[in-house]
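Undergrad: Sequence and predicted model, in that order:
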Amino acid sequence: MGKLFGTDGVRGVANLELTPSLAMEIGRAAALVLTKATKHKPKILIGKDTRISGDMLESALTAGLCSIGASVVSLGVIPTPAVAFLTRKYEADAGIVISASHNSAEFNGIKIFNSNGYKLSDELENEIEDLIESKMEGIPLPTGDAVGTLTKCDTALSDYVEFAKSTIDCDLSGMKIAIDCANGASYKSAVRVIVDLGAEAYVVSNHPNGTNINLNCGSTHTKGFAEYVKNINVDIGLSFDGDADRLLVIDEKGNLIDGDKIMMICAKFLKENNLLVKDTLVTTVMTNLGLVLAAKESGINIVQTRVGDRYVLEEMLKSGFVIGGEQSGHIIFLEHNTTGDGLISALQLLSILKKSGKKLSELAEVFVPLPQVTVNAKVKNDKKALIESDEVIRGEIAALEEEFKDSGRVLIRPSGTEPCVRVMIEGPDNATIQKRANYLATLIEARLS
């Protein structure tokens, strides 16, 4: 069996790669691994985004969990970070999310939080995979009244909304805010919070039908939303992805503000108010070099990790840092939640925007990005690792690294969530790096197809 878990859970095309039978096996194995030390009947929460396959996979997961004797609580459609929060609030043994985040509707995924609301460690994921591979031979199954049950929770959304509102100490009255819900899990929660806090909301892509999640909308497709924001005279546009764990924003002029700039704006504000623990911001190796240089000038230390918000979180927990994240918009405010939370990130930024009295375009001048391009080479999941052993590809990568060693950098990595290899080049000239990235991506596709 190939490795099931990537950087953000198990993911694949629903009913083809991520089948109901696999979901049921994951449910059974996860229940065993996560509750082996408990002496009580385990309670496990399940939330999902708006994908049409969510019901199918939730039913299968529930069957697997109940077959081990777990009490399953269905939260319905709700953001991923809400499941992390509610797992702690409801004192559950685990929380499971059915979502493929920013991917298109045919994909789905399963990610798991432990009882403290943190994503599982590599070790626990490996235990789950080993159990599935062994077909759980010799594991006794409960019968009679020891079989698990399913209940529905009607307060999950409102509990998360109230929590989100409590994370800032001001209202948003007088602000005009556009919101792109990606036809995903934020389509109720984000709007309720923004309106409850007194802002005037202009909402798009908030009519999910099961197949339109992330379809030309949300944080992976911001061009149309940017034009919308530019033309309706608002202070800011908030763009979430399908499961609302990431956020990108649009300023009042229609310019995209990515995760790097959001993090730097927030880190600088925290430092100025003596709230930035150890004067440190945690980022990944994908972070723009412009941020690193600007942080140094502002007296902010940068600690970098592997790509993946789980690795950012590990570093934050190890050293006690309070803010970290990714250029893609996964940002963790550890004082408030245990995972990337698009709505919490939005509220922290909105609070700064209101308190500063500045326009977002002014705040976004916090650093000048170095030109950076990322091109995806489409490669099947089982062939992504071959970039390490293909001598032609390695030779071209080495040549690029030599070319940009004094004026930028090259980063090539298999995606942990999609069937592709990402080619990122940073350098002084956009046309040149785009040409070089396109060439290498084409080569990788040709060599590994």
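TA: Everything's here; your move. Numbering: from 1, shown residues only.
Undergrad: show me the residues around the residue lying closest to Ile232 once chain neighbours are set aside that make contact.
TA: In this structure, Ile232 finds its nearest non-sequential neighbour in Tyr202, 6.0 Å apart by Cβ to Cβ, 6 or more residues apart in numbering. Just so you know, the C-beta spots here come from the backbone N, C-alpha and C atoms, and that holds for glycine as well. The neighbours of Tyr202, taking Cβ atoms under 8 Å, 6 or more residues apart in numbering as the test, are 176-179, 232, 234.
Undergrad: what domains does the record give for this protein?
TA: Split into domains by automatic domain parsing, the chain comes to 5-154, 159-366, 372-448.
Undergrad: Tabulate the ones you listed in JSON lines, adding columns for mean pLDDT.
TA: As requested, these are arranged in JSON lines below (pLDDT from 0 to 100):
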{"stretch": "domain 5-154", "mean pLDDT": "93"}
{"stretch": "domain 159-366", "mean pLDDT": "97"}
{"stretch": "domain 372-448", "mean pLDDT": "90"}
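Undergrad: coming back round to it: which two from the contacts of Tyr202 end up farthest apart in space?
TA: Ile179 and Ile232 (11.9 Å; Cβ to Cβ).
Undergrad: re earlier: the residue nearest to Ile232 belongs to a strand?
TA: Yes. Assessed with DSSP: H, G, I helix; E, B strand; the rest coil, Tyr202 lies in a strand.
Undergrad: Any idea what it is bridged to?
TA: For Tyr202, the beta-bridge assignment (DSSP bridges) gives partners Ala178.
Undergrad: now Leu370: how far from Ala201?
TA: Distance, Leu370 to Ala201, using Cβ to Cβ, to the nearest Å: 35 Å.
Undergrad: Buried ones only from the contacts of Tyr202, please, as a ChimeraX command.
TA: Buried members of the contacts of Tyr202, defined by 16 or more other Cβ atoms under 10 Å, are picked up in ChimeraX with:
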select :176,177,178,179,234
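Undergrad: which of the contacts of Tyr202 lies closest to Glu362?
TA: Relative to Glu362, and with distances defined as Cβ to Cβ, the nearest of these is Val234, at 15.7 Å.
Undergrad: what's the nearest residue to that closest one if we skip its chain neighbours?
TA: That would be Lys176: by Cβ to Cβ, 6+ apart, it lies 4.1 Å from Val234.
Undergrad: Got phi/psi on the one you found?
TA: Backbone torsions for Lys176, taken as degrees, to the nearest 10, come to phi -110, psi 120.
Undergrad: related to what we said a few turns ago, a markdown table for the contacts of Tyr202, including distance to Arg306?
TA: Below are these laid out as a markdown table (distance: Cβ to Cβ, whole Å):
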| residue | distance to Arg306 |
| --- | --- |
| Lys176 | 39 |
| Ile177 | 34 |
| Ala178 | 34 |
| Ile179 | 31 |
| Ile232 | 39 |
| Val234 | 36 |
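Undergrad: what are the phi and psi values for Leu289?
TA: phi -60, psi -30.
Undergrad: From what I see, it and Ser407 are in contact.
TA: No. Applying Cβ atoms under 8 Å as the test, Leu289 and Ser407 come out as separate, 10.2 Å apart.
Undergrad: Between these two, tell me which one has more neighbours.
TA: Legend: neighbour count by other Cβ atoms under 10 Å for Leu289 and Ser407, higher for Leu289 (16 against 13).
Undergrad: Having no further points to raise, I will conclude here.
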